[in-house]
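A.B. asks: Sharing a model that was predicted from the sequence below.
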Amino acid sequence: MDRKNDGLRLMDGAGYKKIIIACDSYKGCLSSREVNEAIASGVKVWNADDASPEMNNLISDTASPEIITLEMSDGGEGMLDAFLSAMKGERVRIHAHDALMRWIEAEYGIVDNTAIIEIAQTAGLALIEPEQRNPMKATSWGVGEMIMNAYRRGVRRFIVGLGGSATSDCGIGMLKAMGDDWKKIRRECSFVLASDVTNPLCGENGAAHVFAPQKGADAKMVQMLDDRARKFAEVSAKHFGYDRSMVPGAGAAGGLGYAFLQYFNAEARPGAELLLDEIGFDDLIQDADLVITGEGRSDRQTLMGKLPQRILEHGANQKIWLVSGGVSDRQVMLDAGFDRVIQITPDSMPLEEAMKPDVARNNIIKAIRRQFAL
């Protein structure tokens, strides 16, 4: 299909029978669901006063399109909500510990025989006050509590989102929380990791050197954490007879990726790709005329495996619009195959103002209405 931006002149979805809206969150501003709903509103609330008489005649004879919104996540923020919304699962709330071993309420999901675990529910950096952040002390114990709770309910398949961790303990806390049950879990359960991180466990590109500073580590702590991770990997390799510390993704979530790979033979998958597969995205878009995706900011890195690029790959026979808060390298995006690349934030608007949820929501609606009014 020719993906040229053909300047199609449509209003209120006129001419489209089915529109799929599947955007990532605008981090720190709007959730995936909120972004999708704002775009849907922009499609629905088109004001006929903006159109020419000819376009008004066209619209009056055209049925509104079916609009389907899909919550999206790459395995980080909002992963649990996205999977449960798409897969119609059950939300389970439990008492567990955060990364500083304080009691909290955490949630995970169950869909049939599959548990959806978002590790940030217990080991999340956002749960820890900035002045309290210390990856030398932070533990993944709460992740083990969530897994054990699901295991005792009979769950034997796990999808684990590894984004947003406060820890750098290589999953040792998680394993300790399981006690000897980790051996039964190893034998009886399967794990799929949702993460876009490809870092190894140790070294200059490892968990400590790359991620620990943003979790509160200074230079001395970084080296101590890296040494601790290397020692744990050496001991684990002797026990199992193999070493997965250099497998891409082992460094995710402060080494939690390594614990799952080494101790539970987990499979690592890009988070967005995993979600698209689980919800049957290819089938959903078969008869779609337009797919709208987006993220908080789009640039060349968007084409390095982020959600919009994944959707572009799946939607080879559909028109794909990219709708983002800010856009750099617009022509690169168009050349990659997006039919339209839409920046919702006016160039003159300060970032602080644009990040206000109500402002961002209004900007989205206005930008979408303009596209259908072309």
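C.D. replies: The structure has been received and is ready for your questions.

A.B. asks: Do a quick rundown of the strands in the stretch 1-150 of the chain.
C.D. replies: Remark: strands assigned in the stretch 1-150 of the chain by DSSP state E, counting those that start in this stretch are 18-21, 66-69, 90-97, 103-111, 114-118.

A.B. asks: And the stretch 201-350 of the chain, by the same measure?
C.D. replies: 267-269, 290-293, 297-298, 319-324, 326-327, 340-343.

A.B. asks: okay, those strands, which one's buried deepest?
C.D. replies: Across the strands of the stretch 201-350 of the chain, the average number of neighbours (mean count of other CB atoms under 10 Å) peaks for strand 290-293, which reaches a mean of 28. For every residue, glycine as well, the C-beta is placed using N, CA and C.

A.B. asks: That one: partners in the sheet, and parallel or antiparallel?
C.D. replies: strand 18-21 (parallel), strand 319-324 (parallel) (DSSP bridges).

A.B. asks: Using TSV, lay out those together with mean pLDDT and distance to Val143.
C.D. replies: Below are the strands paired with strand 290-293 laid out as TSV (pLDDT from 0 to 100; distance: least, CB to CB, whole Å):
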stretch	mean pLDDT	distance to Val143
strand 18-21	95	32
strand 319-324	97	32
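
A.B. asks: can you redo the ones you listed as JSON lines with distance to Lys176?
C.D. replies: Putting those into JSON lines (distance: least, CB to CB, whole Å) gives the following:
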{"stretch": "strand 18-21", "distance to Lys176": "43"}
{"stretch": "strand 319-324", "distance to Lys176": "42"}
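
A.B. asks: where does the stretch 1-150 of the chain have low pLDDT?
C.D. replies: Within the stretch 1-150 of the chain, the segments meeting pLDDT under 70 span 1-15, 45-63.

A.B. asks: quick one: the helices in it?
C.D. replies: In the stretch 1-150 of the chain, the helices defined using DSSP state H, counting those that start in this stretch lie at 32-44, 53-60, 79-87, 120-123, 141-152.

A.B. asks: now swap in the stretch 201-350 of the chain and tell me
C.D. replies: 207-211, 219-240, 256-264, 271-278, 281-284, 307-314, 330-336.

A.B. asks: Contacts made by the fourth one with the rest, please.
C.D. replies: Counting contacts by CB atoms under 8 Å, 6 or more residues apart in numbering, the residues outside helix 271-278 that touch it are 24, 72-76, 79, 82-83, 86-87, 159, 161, 163, 192, 194-196, 282, 305-307, 310-311, 314.

A.B. asks: ok, back up a step: columns distance to Arg152 on top of the strands of the stretch 201-350 of the chain, output as CSV?
C.D. replies: Shown next, in CSV, are these (distance: least, CB to CB, whole Å):
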stretch, distance to Arg152
strand 267-269, 23
strand 290-293, 38
strand 297-298, 42
strand 319-324, 42
strand 326-327, 45
strand 340-343, 47
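
A.B. asks: Of the ones you listed, which is nearest Phe240?
C.D. replies: Phe240 sits nearest to strand 267-269 of all those, at 16.9 Å, using CB to CB.

A.B. asks: what's the closest one packed up against?
C.D. replies: Here strand 267-269 touches strand 190-194, going by 3 or more CB pairs under 8 Å, 6 or more residues apart in numbering; DSSP states H and E.

A.B. asks: quick one on the thing from earlier: Ala99: which of the strands paired with strand 290-293 is closest?
C.D. replies: Closest among the strands paired with strand 290-293, once you apply CB to CB, is strand 319-324, at 31.5 Å.

A.B. asks: Run through who's touching the closest one.
C.D. replies: 3, 8, 23, 39, 289-298, 302, 308, 311-312, 333, 337-344, 364, 367-368, 371.

A.B. asks: how about 6 Å then?
C.D. replies: 290-292, 294-295, 297-298, 308, 312, 333, 338-342 (CB atoms under 6 Å, 6 or more residues apart in numbering).

A.B. asks: Convert it to CSV, retaining C-alpha atoms only.
C.D. replies: Taking C-alpha atoms only, strand 319-324 is exported to CSV below (Å, rounded to 0.1, in the frame of the first residue of the first chain):
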residue,chain,number,x,y,z
LYS,A,319,-3.2,4.2,7.3
ILE,A,320,-1.2,5.1,10.5
TRP,A,321,-1.3,8.5,12.1
LEU,A,322,1.3,9.4,14.8
VAL,A,323,0.0,11.8,17.4
SER,A,324,2.5,13.0,20.0
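
A.B. asks: any idea what sits nearest Ala194, other than its immediate chain neighbours?
C.D. replies: Spatial nearest neighbour of Ala194, chain neighbours left out: Gly75 (3.3 Å); criterion: CB to CB, 6 or more residues apart in numbering.
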